[in-house]
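Trainee: Fold the following and give me the result.
(one chain, ligands or ions: 2)
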Amino acid sequence: MTSLQDQIDLSDEFQKGIVCDLHCHSSYAGGTGSLDLRTAVDNMPKKGVRVVGTGDCLYPPWLKILKDQLVDKDEDGVFELKNATEKEAQTKFVLQTEIAITAPIGVNRKIVHCIFLWPDHHSIEEAITLIEKFGVKNSMGRPFLTNNSIEEVGERINKILDIDPLIEFIPAHILVPLGIYGPKPPIVYFSDFFGEAAERIHAFETGLSADPTVTSLIPELDDLTLISNSDAHSAALNRLGRELTSLDLNKITYKEIIDALRNNRVCYTAEFHPSEGRYFLTGHRGGVRNHKQDEYCVYSPDMVPKNKICPICDLTLEPGVLQRAMELSEAQGSDREYGKLYGKKRNFYRMVPLAEIIANGIGIKNPNAKSVRQLYEVIVAAIGTECKLWTTKLSALEQILTGLVDEKIAEAIIEVRKGNFCFSPPGFDGSYGALTIGQTSSYHGIKIVKGKEKQSQQFTLDDFTK
Ligand SMILES: [Zn+2]
Ligand SMILES: [Zn+2]
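Mentor: Ligands and ions are numbered 1, 2, ... in the order given. Down below sits the predicted model:
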């Protein structure tokens, strides 16, 4: 099998397409930072991202800002800043929101995040009226659509989609706790939650904790379009465009984007290493539940305790994305193995935001520090865009970086580009993985129980394994 690195150097696909990030949020959806449209327009050309989702467009206060600041000049569903200079007009926006859809599954209530894309303001106005009829309060960036049954979920999604044939609905970050395949409570197939609306799904979003190596374990996804987005709540350089999808578009119009999503015209996606994502492995982090700050446990799927109970707090462990994907693979009747690729070929590369590599290289914590930003500008000016850092031939990249920046930083970038990095410990239960450059890691045989020494002495190692 060729490595990811070889694929990039050998394939023309990585030179193609229009780079899109179709899932973002305004500051009205919680989280830190804010998605300032002007900052986005300044930063996205450096990233190489052309099309950005507006986030939260059903929420009236944010919608007002969008109407005030953006214009759809050609009436083709893609927006730009009003009175934009030629350079500013490079960055386009599409109307996008995330809706949290909830319904009871057995005795529990499941919450599922879904991306919705909208062709124009008219469809949004109709959707706002409709969801208010459904009882949605619409008092925050990400509206909550509460349902009494799976049938109701299906009916209501269908009603929203019936507003306009170009509205697209895409399950977001499918494997994390608030995704369709999340563990609370678990379902097996899309239709177990989306009911009859499941038939109208053309694409799914991997989320930061999964990439095609993880999602290819799940047979139901084989024929769907795979996309990747940042889910950013801020326009900072290490947030917006941190994951992305390059679509094969004839021109940048909303209709073309939807057409590409519905017909799998994806050139490639850029993915976090899944182990950087906050839900990759199973475990409990410190500082939550009955855990003190320095007490945590983390397990790879092969090492998860048989009873799935945390040895520190005695509560059920938070299942990681890898474990969920393996469970779903089996539940859907397959015997696929992690590490092999199945189904449709997906072109993708694994990356780390350049700002994070630079921060790591110069040994500081904050990837938004001024010193990082300065180096970022130098590197991106030499290469063209941050995207090109990952899709330029490695030998050419090495030449560009030599003498351009401090050797340590150049080396850090090249090592990551070669795939010589890992996250140790990996992400679990809501905490990001910690970047380690210069070594790789296998995600088997991981079993770490830290803290609470007295109690952990009551367990022998064997108690934790199958
Ligand atoms: Zn979400
Ligand atoms: Zn615990």
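Trainee: so who does the residue in the stretch 151-300 of the chain that ligand 1 sits nearest to touch?
Mentor: Going by CB to the ion, ligand 1 is nearest to Ala172 of the stretch 151-300 of the chain, at 4.8 Å. The way it works is simple: take the backbone N, C-alpha and C, and place the C-beta from them, glycine included. Going by CB atoms under 8 Å, 6 or more residues apart in numbering, Ala172 touches His23, Glu98, His113, Cys114, Ile115, Gly179, Glu205, Gly207, Asp231.
Trainee: Just the buried ones from these?
Mentor: Burial by neighbour count, 16 or more other CB atoms under 10 Å: within the contacts of Ala172 this picks out His23, Glu98, His113, Cys114, Ile115, Gly179, Glu205, Gly207, Asp231.
Trainee: Switch these over to TSV; also include secondary structure and distance to Pro367.
Mentor: Below are the buried ones among the contacts of Ala172 laid out as TSV (DSSP: H, G, I helix; E, B strand; the rest coil; distance: CB to CB, whole Å):
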residue	secondary structure	distance to Pro367
His23	coil	21
Glu98	strand	24
His113	strand	25
Cys114	strand	29
Ile115	strand	26
Gly179	coil	26
Glu205	strand	23
Gly207	coil	20
Asp231	coil	17
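Trainee: If we check ligand 1, which of those are in contact?
Mentor: Among these, proximity to ligand 1 is found for His113 (CB under 5 Å from the ion).
Trainee: Over to Asn138. Which of the three states is it?
Mentor: coil (DSSP: H, G, I helix; E, B strand; the rest coil).
Trainee: For the buried ones among the contacts of Ala172, give me a markdown table that also has distance to Leu394.
Mentor: Putting these into a markdown table (distance: CB to CB, whole Å) gives the following:
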| residue | distance to Leu394 |
| --- | --- |
| His23 | 30 |
| Glu98 | 36 |
| His113 | 36 |
| Cys114 | 38 |
| Ile115 | 33 |
| Gly179 | 34 |
| Glu205 | 29 |
| Gly207 | 28 |
| Asp231 | 29 |
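Trainee: Just name the closest of the buried ones among the contacts of Ala172 to ligand 2, please.
Mentor: Gly179 (21.9 Å).
Trainee: low pLDDT regions in the stretch 1-150 of the chain?
Mentor: 1-3, 31-34 (pLDDT under 70).
Trainee: mind listing the strands in it by residue range?
Mentor: 18-21, 51-53, 70-71, 80-81, 92-105, 108-118, 144-146 (DSSP state E, counting those that start in this stretch).
Trainee: Tell me which of these sits most buried.
Mentor: For these, the largest average neighbour count (mean count of other CB atoms under 10 Å) is found in strand 51-53, namely a mean of 27.
Trainee: which bits of the stretch 1-150 of the chain sit near ligand 1?
Mentor: Counting by CB under 5 Å from the ion, the residues of the stretch 1-150 of the chain close to ligand 1 are His113.
Trainee: Right, I'll call it a day here.
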